[in-house]
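**Q** Here is my input; please provide its structure:
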Amino acid sequence: MRQKKSPLGEHLALVSVKYNVYPAEVVQALINAKRDGKSTCGELSVDYRGKTKDDIIFLIKKDDSVVAQFRVDEAFLSQNNDASFETYMSTDKIRKKIAKQNPDALFNSISELRSGMKHINLKAKVQEIPKPAQVHTQFGNTAMVVNAIVGDETGTIKLCLWEGQISTINIDNDIEIRNAQVCLFRGEKQVRLGKNGTLTVINPTETTTPTTSNSTITAE
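**A** Residues are numbered from 1 along each chain as shown. Purely as a prediction, here's the structure:
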């Protein structure tokens, strides 16, 4: 069942974008304020203001200015997780806010990529392109696939490309990947374009010879 986006979660995401903190940090500050009466999150202060039957009331301030005051269901604080925060940050409203404040903030760094993340954007350089492998797909046919290695200043990750996608990149290309997803395959994280992802080469170069030999494997 598809998870319904929480208006509260989106509101916390807006606060996090505006004041340059992660949604998870805001929620942790709420948890700390519930326990201690007061907490901080970056430049923000969070005050515990009381409790109703099911909700906890918090006040968020920056210096002496009120940023927000809202009620939070206790269940929200106890059930928070990184996947749900990723969902809030992926809404059109939040992404437009991010783009308005800082266009480069729309891009993820490789070091922060986690299995299960969706709608990721990435700027990277192509470091290695093995020769394509022929795989047997779950549909009973065969296809060519390659797990290229791409990297940025924070690390490297495999980029899974299929068929016609393979010829679009060469070693040392600077690329932009948009609306992709992160999957776990044989214990390793890899970026996949899926149906909606796109890959753009920023600095096309001459064709580069792949580095490893052909092999045949079974797609999982």
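**Q** where does the most far-flung residue of the chain relative to its centre land in three-state SS?
**A** Computed with CA atoms, centre = their mean, the residue of the chain farthest from its C-alpha average is residue 53, at 35.2 Å. What DSSP: H, G, I helix; E, B strand; the rest coil gives for residue 53 is coil.
**Q** so residue 178 touches residue 198, yeah?
**A** Yes - counting by CB atoms under 8 Å, residue 198 is a contact partner of residue 178 at 5.0 Å. (Each C-beta comes from the backbone N, C-alpha and C, glycine too.)
**Q** and these two? which has more neighbours close in?
**A** Comparing residue 178 with residue 198 by other CB atoms under 10 Å, the one with more neighbours is residue 178, at 16 against 11.
**Q** host element of the more buried one?
**A** Assessed by DSSP states H and E, residue 178 sits inside strand 174-185.
**Q** Counting neighbours, which bits of that strand end up buried?
**A** Within strand 174-185, the residues scored as buried using 16 or more other CB atoms under 10 Å are 174, 175, 177, 178, 180, 181, 182, 183.
**Q** pLDDT (mean, whole number) over the one helix or strand residue 27 maps to?
**A** According to DSSP H and E, residue 27 maps onto helix 23-36. Helix 23-36 shows a mean pLDDT of 86.
**Q** how far is that helix from where the chain is centred?
**A** Chain-centre distance of helix 23-36: 22 Å, with CA atoms, centre = their mean, to the nearest Å.
**Q** Good, we can wrap up now.
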